[in-house]
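Chemist: Generate coordinates for the sequence data below:
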Amino acid sequence: MCLSMTVLYLALVFLSTMFVVFGALAAWRSHTRPRTPVASFPPVSVLKPLCGVDTALRDNLQTFFEQDYPVFELVFGVQGEDDPAAIVVRELRAAYPDVICRLVVHDGGRGVNPKVSNLRSMMGAVMHDVVVVSDSNVAVHPAYLREMATELAQKDAPGDRVGLVTSLFTGVEEETLGATLENLHLNGTVAGGVAISNELLSKAAVVGKSMMFRRTVFERLGGFSSVAHVLAEDYVMGRMFEAAGYQVRLARTPIRNVVKRASVRAFYTRHLRWSMMRFRLMPHIYLLEPLSTPLVLAVTAPAFGIDGRWPLVWAVGITLIRDALQWTLFRGPKGVLRALPLFPLRDALILTAWFVAPLRKHVTWRGNRVRVSSGTRLYAENEPEGPGLVIVEESASPSEINIDV
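Modeler: Residues are numbered from 1 along each chain as shown. Predicted coordinates for the structure are as follows:
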């Protein structure tokens, strides 16, 4: 009996080690995989759904105005004229008059998922077939659109069709304890898991913070209306493309997920919501998630009849190496020594969220309390009213265009 428990424990340690090692390798491979250059770049529409203003919003949005790309337009969306994000967009639009920019102000009511409701309102102002969806809290390098479009055109073999391109993302610019925990987790466990899924397993782990696809293809698959009542719309979109025979690929350079100020509570709440999504999407795989946290196996070693000292040395060592390597790979060494000692607190909070998530049925997102069912289907206590007026402010003219949709 003792021998069998020891063998089982060693097998779990091996699997945990492989997850950490392959995650780091996959993250590195996403940087180094060769790409075939493209002769021309299609026009691109960048959709930026906004809600409120944080300390980095203006700087984040500015990186999209400064893209080195032949032809692109920026489409921003807010629900309600009183959203302060609209002021930031107008200021940037005035500062970059040569960039085609539209601001869509709408009344919502196009889905329980507020981000998708925003996107559906914005689609009427989109002019190009190739579309990028990007969250408000990310900043990108000047060649971001070129890299995404290059990946969309890739073919590893005859007949290949890339349907959707996504990005790894690195947490940057932390100023508080909660923000440091967030960025340590994003640069470590999250980045490794996304990279494994896309680079080694060829399964869609789409990050909604950065997606490029062709609008005509996506609309044939169902479009945003098919994910308007889903919490994990990015994951479902990836599976939609995969089911239709398209590839989902990672762009070469990670985007920067800017988290300057966040409380420890906000860190825990965010990852509790993410855990609820993963449990309802893939419950069997969810049960294996503690294997991605070596410290969990170390503290449970006595339950297998094993002295916990050496497992603890292994867990601390491999976690520190993984976190340090991936942090440095994605964003350089700055801040890594300050962040690394926080990994036990990070892992304890993530494990707590893992235990609690299957017991939770509701999430509060952007002030809306909704119930999350199987497949992350959303049910609102108060269903949103039907779509109302949409106002589109054009960059080329101060006039407003009213569109009833």
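Chemist: List the residues that contact residue 145.
Modeler: 41, 44, 46, 67, 68, 69, 72, 132 (C-beta atoms under 8 Å, 6 or more residues apart in numbering). C-beta here means a position set from N, CA and C on the backbone, and glycine is covered the same way.
Chemist: I'd like to know which of those residues are buried.
Modeler: Neighbour-count burial (16 or more other C-beta atoms under 10 Å) applied to the contacts of residue 145 gives 41, 44, 46, 67, 69, 72, 132.
Chemist: would JSON lines of those residues with pLDDT and secondary structure be doable?
Modeler: Formatted as JSON lines, the buried ones among the contacts of residue 145 follow (pLDDT from 0 to 100; DSSP: H, G, I helix; E, B strand; the rest coil):
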{"residue": "41", "pLDDT": "95", "secondary structure": "coil"}
{"residue": "44", "pLDDT": "98", "secondary structure": "strand"}
{"residue": "46", "pLDDT": "98", "secondary structure": "strand"}
{"residue": "67", "pLDDT": "97", "secondary structure": "coil"}
{"residue": "69", "pLDDT": "97", "secondary structure": "coil"}
{"residue": "72", "pLDDT": "97", "secondary structure": "strand"}
{"residue": "132", "pLDDT": "98", "secondary structure": "strand"}
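Chemist: Could you tell me which ranges of this structure sit under the pLDDT cut-off?
Modeler: 1, 156-158, 202, 204, 365-367, 381-389, 394-405 (pLDDT under 70).
Chemist: and with 80 instead?
Modeler: Within the chain, the ranges that satisfy pLDDT under 80 run 1-3, 30-36, 155-159, 198-204, 364-368, 380-405.
Chemist: And the residue nearest the centre of it?
Modeler: In the chain, the residue lying closest to the centroid (C-alpha atoms, centre = their mean) is residue 207, at 3.4 Å.
Chemist: Skipping adjacent residues, who's closest to that one in space?
Modeler: residue 166 (4.9 Å; C-beta to C-beta, 6 or more residues apart in numbering).
Chemist: beta partners of the one you found?
Modeler: With beta bridges defined as DSSP bridges, residue 166 has these partners: residue 211, residue 250.
Chemist: related to what we said a few turns ago, so which two of the contacts of residue 145 are the farthest from each other?
Modeler: 68 and 132 (14.6 Å; C-beta to C-beta).
Chemist: The stretch 251-400 of the chain: helices as residue ranges?
Modeler: Assigned helices in the stretch 251-400 of the chain, in chain order: 264-281, 283-286, 294-299, 309-331, 336-339, 343-356 (criterion: DSSP state H, counting those that start in this stretch).
Chemist: hey, which of these is tucked in deepest?
Modeler: helix 294-299 (a mean of 21; mean count of other C-beta atoms under 10 Å).
Chemist: next one: that one to chain centre, how far?
Modeler: Relative to the centre of its chain, helix 294-299 is centred 27 Å away, using C-alpha atoms, centre = their mean, to the nearest Å.
Chemist: neighbouring contacts of that helix?
Modeler: 9, 12-13, 16-17, 20, 290-291, 308, 311-312, 314-316, 318-319, 343-344, 347, 351.
Chemist: rewinding a little: over to the residue nearest to the centre of the chain: give its phi and psi.
Modeler: phi -100, psi 110 (degrees, to the nearest 10).
Chemist: which residues touch it?
Modeler: 166, 167, 168, 169, 194, 234.
Chemist: Please apply the same query to residue 338.
Modeler: residue 180.
Chemist: For it, give its distance to residue 259.
Modeler: If you measure residue 338 against residue 259 using C-beta to C-beta, to the nearest Å, the figure is 15 Å.
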